[in-house]
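Engineer: sharing a model prediction with you, sequence too.
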Amino acid sequence: MERFLRRRLGAAPDHVHKLLRQGRVLAAGRPLRRGHRVRAGEPVELSPPRGKRPPPLPNRKLTLRLLHEDVDLVAVDKPAPLAVHPGPGHGSDTLLNGLVARYPELLELGAARSYGLAHRLDAGTSGVLVIGRSLRGYEGLVAAFRAREVDKEYCALVRGAPPRPRGEVTAPVGGKEALTRYELVARAGPVSWLRLKPISGRTHQLRIHLASLGCPVLADPRHGEGLCELTARLYLKRLALHARRLSLLHPVRGDRLALASGVPARLRKAWRRAWRLAGEPA
């Protein structure tokens, strides 16, 4: 791979190694690593540097599950493991690619306004996501999230249980203050069902806070055990975290907008399986 790139780009070895480290050398949309053997006819592409990515390509094959639509806002029910926006390994198969296909006006908002994305969900997290379709809608959403005027509720299946039936976690995330409120809904053996309300909105906040309580989200590969014996027994192959409800004042009209997403079938089945296993003799 390194020799191939040096010949094609006329670049120094250090620059080639930097491109590989940054994940900018792709084949079939996936970043290549050092030592990869390039096969004859294998398409290899170089992605633009971060901050200079081209606009997302419209993808009309992606099906959007709409929860709300007006001239200023769109809300969707994002499935897992769909990525929200393009990045290494995800070129045109993300939620944003589907959104700009249906709502081309999002492209006019531009990269500086994240093409309308006022908040994010991890690829492995499913549930409610709201997007600004107009400039007024986007700026109003950003202001509401920044002022913590958006009520969010998640549910999660976790290993173990928190120390108290309900409480707060205030551990910093990424060096910034963060607050999560939680409530134990039910427990089945080693698995608990939690209701979560993130007051702040830090990256991976819920996953980090639950891990700090000693009850990581099931199938969390970064802050928990990932796929393990327990998830196998539950037939669970996805992150057990779901954005169930989101409520805010419409940033343009001013009326209350309440959005909800049903718990995905795979999580419901895993929970029923946990109950059955809890009733079995050890």
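Structural biologist: Thanks, I have it. Remember, it's a predicted structure, so these values are computed and weren't measured experimentally. Residues are numbered from 1 along each chain as shown.
Engineer: list the residues that contact Lys269.
Structural biologist: Contacts for Lys269 (CB atoms under 8 Å, 6 or more residues apart in numbering) come out as Tyr235. For glycine as for every other residue, the C-beta is placed from the backbone atoms N, C-alpha and C.
Engineer: how close does it get to Leu239?
Structural biologist: Look at Lys269 and Leu239: by CB to CB, to the nearest Å, they are 15 Å apart.
Engineer: and for Leu184?
Structural biologist: Summarising the geometry, the distance separating Leu184 from Leu239, computed by CB to CB, is 19 Å.
Engineer: neighbour count for the two, which is higher?
Structural biologist: Leu239 (25 against 17; other CB atoms under 10 Å).
Engineer: spatially nearest residue to that one (excluding sequence neighbours)?
Structural biologist: The spatially closest residue to Leu239, leaving aside those adjacent along the chain, is Gly124, at 3.3 Å (CB to CB, 6 or more residues apart in numbering).
Engineer: can you count the residues close to the closest residue to Leu218 other than its chain neighbours?
Structural biologist: Excluding its sequence neighbours, the residue lying closest to Leu218 (CB to CB, 6+ apart) is Ala240, at 4.0 Å. Residue neighbour count, defined by other CB under 10 Å, stands at 30 for Ala240.
Engineer: phi, psi of Ala240?
Structural biologist: Backbone torsions for Ala240, taken as degrees, to the nearest 10, come to phi -90, psi 60.
Engineer: in the stretch 51-200 of the chain, which spans are strands?
Structural biologist: Counting by DSSP state E, counting those that start in this stretch, the segments of the stretch 51-200 of the chain that form strands are 66-69, 73-78, 126-132, 151-159, 166-169, 180-188, 191-198.
Engineer: closest one to Gly116 among those strands?
Structural biologist: Evaluated over the strands of the stretch 51-200 of the chain, closeness to Gly116 peaks at strand 126-132, with 4.5 Å, by CB to CB.
Engineer: check which helices and strands that closest one sits against.
Structural biologist: Taking 3 or more CB pairs under 8 Å, 6 or more residues apart in numbering; DSSP states H and E as contact, the helices and strands that strand 126-132 lies on are strand 73-78, helix 135-146, strand 241-249, strand 256-260.
Engineer: would you mind listing the buried residues in the longest one?
Structural biologist: In this case it means helix 135-146. By 16 or more other CB atoms under 10 Å, the buried positions in helix 135-146 come out as Gly137, Tyr138, Glu139, Gly140, Leu141, Val142, Ala144, Phe145.
Engineer: neighbours around the closest residue to Arg181 other than its chain neighbours, how many?
Structural biologist: Across the structure, with CB to CB, 6+ apart as the measure, the residue nearest Arg181 apart from its sequence neighbours is Lys197 (4.4 Å). The burial metric for Lys197, expressed as a neighbour count using other CB under 10 Å, is 16.
Engineer: likewise for Ser212?
Structural biologist: Under the neighbour criterion other CB under 10 Å, Ser212 is assigned a count of 14.
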